[in-house]
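Chemist: Could you look at this predicted model? Sequence included:
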Amino acid sequence: MRLLITGGAGFVGSRLARTLLAKGELNGQKIEHLILADQFPAPADLAADPRVSVKTGPLLTHCKELETEAVDGVFHLASAVSGECEDDFDLGLRSNLDSTRALLDALRKRTEGGAKPARLVFSSSVAVFGPDDAYPMPAVIADDTLPTPQTSYGIQKHICEHLIADYTRKGYIDGRSARLMTVTVRPGKPNGAASSFFSGIIREPLAGIPSVCPVAPEVLHPMASPRSTIEGLIKVYECTREAYGGRTALNLPGLDVTVQEMLDALERVAGPKVRALVTFERDELIAGIVSRWAKGSSSKRANSLGLFPEKSFDDIIRQYIADCQAGPHAATALKGMQ
């Protein structure tokens with residue numbers, strides 16, 4: 001089979017690509033070719049794999065050629081992130097909404113030309129939920145909670161969920177939307193997401209670098225490890241239409257945890273010296289965005305597929321440490337623990 005991963009050079013996309021290549025198959029079919037589409041160059045190890053081809057540049061510039069490209073399945077991960085969408089409205093529309101519509105239309109034209117509808121998994125977001133005066137957000141958001149997004153990013157993701165549902169209803173694709181919880185701990189440098197600090201307050205101290213938390217310790221939010229997120233995306237792809245249930249999006253599992261609980265876990269796993277590197281200084285913009293996000297989540301549909309969150313944030317930190325230890329930059333990434 002031939003697969004396309006949009007956003008394939010990003011953290012989640014590249015990790016998904018490595019997982020799929022290591023498995024060698026998806027849904028019982030051998031993976032013969034993997035196309036990675038991203039604005040940025042693919043990591044060297046992926047680009048060197050003979051099963052991989054790379055499309056570099058904005059997704060919008062590649063959608064026309066995808067009309068005639070043989071693709072059996074798609075993981076659509078590419079998007080501008082939350083902070084970027086608030087700062088640059090047109091960027092968000094172009095990167096999240098216009099690109100998704102162009103991708104769906106390319107797949108539609110293939111289907112109308114006689115090809116089997118491609119299966120597509122869309123990475124939506126917990127950001128589709130938010131507080132609204134007419135529909136207050138519940139303490140725990142469920143699969144069937146009414147989405148009332150309060151950010152441009154969340155609104156764009158929610159629109160894309162409906163587009164995918166309708167293209168599925170029309171038979172152009174076999175689409176499934178999975179709402180990702182905040183993925184923590186991400187390696188590397190901070191990105192433009194308002195949620196970036198959730199990883200930063202763990203990643204930087206472990207590297208021996210001071211980190212400033214822009215929100216209060218009592219802020220509560222659902223988190224997921226990179227490992228469980230990748231597992232969820234693959235499971236949503238492989239499950240039957242009946243097991244997925246309907247055309248609306250489902251929530252991937254998340255562990256509801258406060259910032260204070262994250263830092264307590266950091267101290268238990270890495271020690272008080274590492275924990276002491278985190279200080280608090282409120283950032284009004286970030287705190288304002290985060291205050292409109294979900295504080296707890298449930299995921300009954302994902303649970304029925306065998307997907308569950310980590311049991312503790314300690315486990316998530318230990319996963320990150322193990323990933324660092326297995327990589328080439330362990331000494332730098334874990335300098336704070338030395």
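Modeler: In hand now; what should we look at? Numbering: from 1, shown residues only.

Chemist: ok, residues contacting the helix or strand harbouring Ile159?
Modeler: Assigned by DSSP states H and E, Ile159 belongs to helix 152-169. Applying C-beta atoms under 8 Å, 6 or more residues apart in numbering, the external contacts of helix 152-169 come out as 79-82, 85-86, 89, 92-93, 96-97, 100-101, 104, 107-108, 120, 122, 124-125, 127-130, 147, 149, 173-177, 247-249. Where you see a C-beta, it was placed from the backbone N, CA and C, and this is true even at glycine.

Chemist: cool, stretch 14-32 as well?
Modeler: Here stretch 14-32 makes contact (C-beta under 8 Å, 6+ apart) with 1-3, 5, 8, 34, 36, 42-43, 45-46, 49, 51-52, 72-73, 75, 77, 226, 230, 233-234, 237-238.

Chemist: for it, how far is the first residue from the last?
Modeler: Length of stretch 14-32, first residue to last, C-alpha to C-alpha, to the nearest Å: 17 Å.

Chemist: same question, stretch 124-133
Modeler: 24 Å.

Chemist: List the buried residues in the helix or strand of the chain with the lowest mean pLDDT.
Modeler: Ranked by mean pLDDT, DSSP states H and E, the weakest helix or strand in the chain is helix 82-87, scoring a mean of 87. For helix 82-87, the neighbour count (16 or more other C-beta atoms under 10 Å) marks 82-86 as buried.

Chemist: residue ranges of the strands in the stretch 151-300 of the chain, please?
Modeler: In the stretch 151-300 of the chain, the segments counted as strands under DSSP state E, counting those that start in this stretch are 173-180, 182-183, 211-213, 220-224, 250-251, 255-258, 278-280.

Chemist: and the angle from the first one to helix 152-169?
Modeler: With axes from the mean of the first three to the mean of the last three C-alpha atoms, to 10 degrees applied, the angle from strand 173-180 to helix 152-169 works out at 150 degrees.

Chemist: do the fourth one as well
Modeler: Compare the direction of strand 220-224 with that of helix 152-169 by the same axes, to 10 degrees and you get 50 degrees.

Chemist: Please identify the most buried of the strands of the stretch 151-300 of the chain.
Modeler: Highest mean neighbour count of these: strand 250-251, a mean of 27 (counted as mean count of other C-beta atoms under 10 Å).

Chemist: Give me the packing partners of that one, helices and strands only.
Modeler: Here strand 250-251 touches strand 173-180, helix 300-304, going by 3 or more C-beta pairs under 8 Å, 6 or more residues apart in numbering; DSSP states H and E.

Chemist: I'd like the domain boundaries of this protein, if you could list them.
Modeler: Annotated domains of the chain cover 2-182+225-251, 196-221+255-295+311-337 [automatic domain parsing].

Chemist: Determine which of those approaches Ser304 most closely.
Modeler: Among the domains of the chain, domain 2-182+225-251 comes nearest to Ser304, with 7.3 Å by C-beta to C-beta.

Chemist: Run the chain-centre distance for the closest one.
Modeler: Counting by C-alpha atoms, centre = their mean, to the nearest Å, domain 2-182+225-251 is centred 9 Å from the centre of its parent chain.

Chemist: burial measure for the closest residue to Ser225 other than its chain neighbours, as a count.
Modeler: Counting by C-beta to C-beta, 6 or more residues apart in numbering, Ser225 lies nearest to Ile316, which is 4.6 Å off, once chain neighbours are set aside. Ile316 sits with 27 neighbouring residues when counted by other C-beta atoms under 10 Å.

Chemist: on that earlier part again, from the contact counts, what lies against the least confident helix or strand of the chain?
Modeler: With contacts taken as 3+ C-beta pairs under 8 Å, 6+ apart, helix 82-87 sits against helix 89-92, helix 152-169, helix 284-290.

Chemist: can you list the residues that contact the helix or strand just after the shortest one?
Modeler: Scanning forward in sequence from helix 89-92 by DSSP H and E, the next helix or strand is helix 99-112. The list of residues contacting helix 99-112 from outside it, by C-beta under 8 Å, 6+ apart, reads 6, 58-60, 63-64, 66-68, 71, 74, 76, 78, 117-118, 120, 122, 160, 163-164, 167, 170-173.
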